[in-house]
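>>> need coordinates for the below:
(one chain, ligands or ions: 1)
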Amino acid sequence: MADQPSPADLAALRARIDGIDSNIEELILERARFARQVGQAKGDLAAAVDYYRPEREAQVLRRVIDRNAGPLSDEVLVRLFREIMSACLAQQEPLKVGYLGPEGTFSQQAVHKHFGHSVRGLPLASIEEVFQEVDAGHADFGVVPVENSGQGTIQSTLDMFLTSPLAICGEVELRVHQHLLSRTGRIEDIERVYSHPLSLAQCRGWLRQHLPNAERIPVSSNAEAARRARNADDAAAIAGESAGMVYQLKSIAGSIEDRDDNTTRFLVIGRSLFPPSGNDRTSLLVFIHDRPGALYGILEPLARHGISMNRIESRPSHSRLWEYAFFIDVSGHRDESPLKDALAEINSTAGDVRVLGSYPVAVL
Ligand SMILES: O=C(O)C(=O)C[C@]1(C(=O)O)C=C[C@@H](O)C=C1
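Numbering: from 1, shown residues only. A predicted model of the protein is given here:
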């Protein structure tokens, strides 16, 4: 083991840290003053949402990663800089961001991962309500789950885009760690387990092994599960650690998901479109009736222009029988070639393509 520093060394090291802290503080405040000037240069705008620039934030964070030579991880540095930008933006007025509540859900964690903590989070009762509140202007943005690495697409979210005029302004990827939480913290007390159906599915193997006889009760969110578990000694919830903190539950076991790369992707929805960030993704919505070659008419120009497709998902269109809506994610931004050219071509030949949004690829 390395020698312990002597008390004199410790005092010297702490003096260095004090000096650095004072420099950091001064620089953060200087940065905040410049950010305010940038805000003023944008003119006399109505609200915080008008100052928000996701493409610029993505560029700042990518630069942080490029510069990082250790010893802190990219995740840690990005989190720190995210908070600094969040605080700089909130100098005008904090953004209002709707999410699937109550407090303590993974959606709330996704809000903080993407926007930092200097926002006003609005916990809402359903994904539909998140869309409604953003559409009505009561929230600046909304964060909704769209797919999970193990369980696939959250179809109710995709279906909202069939009728909603909102745009996709960003994506967030969140590593999801599930915990078994209860009031007593003792597994032998547990006879019922509450959780969102997707979370129950993510922990099926663990439950079979450790709580084979417990009743599994699906509820509307993991935080709702935690809220119910708070009321009885024989009940537990599967939820994130933050739900355990909000509802003051003890963790019986952590990281109980069956797959250790369990990740949920969220979309940020809003009313505006944003310029390119240099590494973007575009989500398209295409309506196709059962005409031969209709889908090919869309995919062929994309392939010919060298555009890679990340995802394609079909849903009944909900407007005409046997009409399908295809949700297609491609690389690139709608305002930049080659995607711009491919879209112009598709619009002139195949028709009926709606760009749901072009947004920065999740930074981490
Ligand atoms: O560069 C801008 O446009 C800013 O307003 C500054 C800043 C930042 O703190 O870096 C703050 C908010 C924006 O969302 C993007 C970046």
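
>>> how about the residues of the chain near the ligand?
Within reach of the ligand by CB under 6 Å from any ligand atom, the chain has these residues: 35, 38-39, 51-53, 56-57, 60, 85, 88-89. Placement of C-beta: from N, CA and C, glycine included.

>>> relative to residue 324, which of those residues is nearest.
residue 52 (34.5 Å; CB to CB).

>>> surely that closest one is in a strand?
No: using DSSP: H, G, I helix; E, B strand; the rest coil, the secondary structure at residue 52 is coil, not a strand.

>>> tell me who's in contact with it.
89, 95, 140 (CB atoms under 8 Å, 6 or more residues apart in numbering).

>>> tell me which residue in the stretch 151-300 of the chain sits closest to the ligand.
residue 274 (9.9 Å; CB to the nearest ligand atom).

>>> tell me the SS of that residue?
Per three-state DSSP, residue 274 ends up coil.

>>> show the pLDDT at it.
In this prediction, residue 274 carries a pLDDT score of 95.

>>> run a quick neighbour tally on it.
Residue 274 is flanked by 22 other residues according to other CB atoms under 10 Å.

>>> related to what we said a few turns ago, now the contacts of residue 52 as a markdown table including secondary structure and pLDDT?
Listed next are the contacts of residue 52 as a markdown table, based on DSSP: H, G, I helix; E, B strand; the rest coil; pLDDT from 0 to 100:
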| residue | secondary structure | pLDDT |
| --- | --- | --- |
| 89 | helix | 93 |
| 95 | coil | 95 |
| 140 | coil | 96 |
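
>>> ok, those vs residue 339, which is closest?
residue 140 (26.6 Å).

>>> can you list the domain ranges for the protein.
Domain segmentation of the chain under automatic domain parsing yields 20-90, 96-176+263-270, 179-253, 280-360.

>>> weakest of the ones you listed by average pLDDT?
Among the domains of the chain, domain 280-360 scores lowest, at a mean of 90.

>>> distance between that one and the chain's centre?
23 Å (CA atoms, centre = their mean, to the nearest Å).

>>> what is the end-to-end distance of it?
4 Å (CA to CA, to the nearest Å).

>>> same question for stretch 210-229.
First-to-last residue span, stretch 210-229, CA to CA: 18 Å.

>>> wait, isn't residue 88 in contact with residue 30?
No: with contact defined as CB atoms under 8 Å, residue 88 does not reach residue 30; the gap is 11.0 Å.
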